[in-house]
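*Asks:* Provided below are the primary sequence and the corresponding predicted coordinates.
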Amino acid sequence: MAKPESLKLSEVLEEIRMSRAAFYRMRARGQAPRIHTLPNGQIRIHRADMDAWWASRAETAA
């Protein structure tokens, strides 16, 4: 079974064109993509979770 593609937070922020502070505010409101915290504290977001989040944002905007 293939491992899901994981994105670094910096890659996600670049893709969605958002500051780290704005991302954490969205996360506090429960509006950010699902994150996974590695044992070393780094944050990763699976590509599938990111794509699902984008799709939900498009539905909300429509």
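*Replies:* In hand now; what should we look at? Numbers count the residues shown, from 1 in each chain.
*Asks:* And the longest helix seen in the chain, what's buried?
*Replies:* Ranked by residue count, the top helix of the chain under DSSP state H comes out as helix 47-61. Using 16 or more other C-beta atoms under 10 Å as the test for burial, helix 47-61 gives 49, 50, 53. Every residue, glycine included, has its C-beta placed from N, CA and C.
*Asks:* how about it as PDB, C-alpha atoms only?
*Replies:* What follows is helix 47-61, C-alpha atoms only, in PDB (Å, rounded to 0.1, in the frame of the first residue of the first chain):
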ATOM      1  CA  ARG A  47      -2.800  15.700  -0.300                       C
ATOM      2  CA  ALA A  48      -6.200  13.900  -0.200                       C
ATOM      3  CA  ASP A  49      -7.200  15.900   2.900                       C
ATOM      4  CA  MET A  50      -6.100  19.100   1.100                       C
ATOM      5  CA  ASP A  51      -8.000  18.300  -2.000                       C
ATOM      6  CA  ALA A  52     -11.200  17.500   0.000                       C
ATOM      7  CA  TRP A  53     -10.800  20.800   1.900                       C
ATOM      8  CA  TRP A  54     -10.500  22.700  -1.400                       C
ATOM      9  CA  ALA A  55     -13.600  20.900  -2.700                       C
ATOM     10  CA  SER A  56     -15.600  21.800   0.400                       C
ATOM     11  CA  ARG A  57     -14.400  25.500   0.100                       C
ATOM     12  CA  ALA A  58     -15.700  25.600  -3.500                       C
ATOM     13  CA  GLU A  59     -19.100  24.200  -2.400                       C
ATOM     14  CA  THR A  60     -19.300  26.800   0.300                       C
ATOM     15  CA  ALA A  61     -18.500  29.600  -2.100                       C
END
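*Asks:* could you say what helices and strands it packs with?
*Replies:* strand 6-8 (3 or more C-beta pairs under 8 Å, 6 or more residues apart in numbering; DSSP states H and E).
*Asks:* starting at the chain centroid, how far to the strand it packs on?
*Replies:* 8 Å (C-alpha atoms, centre = their mean, to the nearest Å).
*Asks:* Okay, buried residues for it please.
*Replies:* Neighbour-count burial for strand 6-8 [16+ other C-beta under 10 Å]: 6, 7.
*Asks:* Lovely, talk soon.
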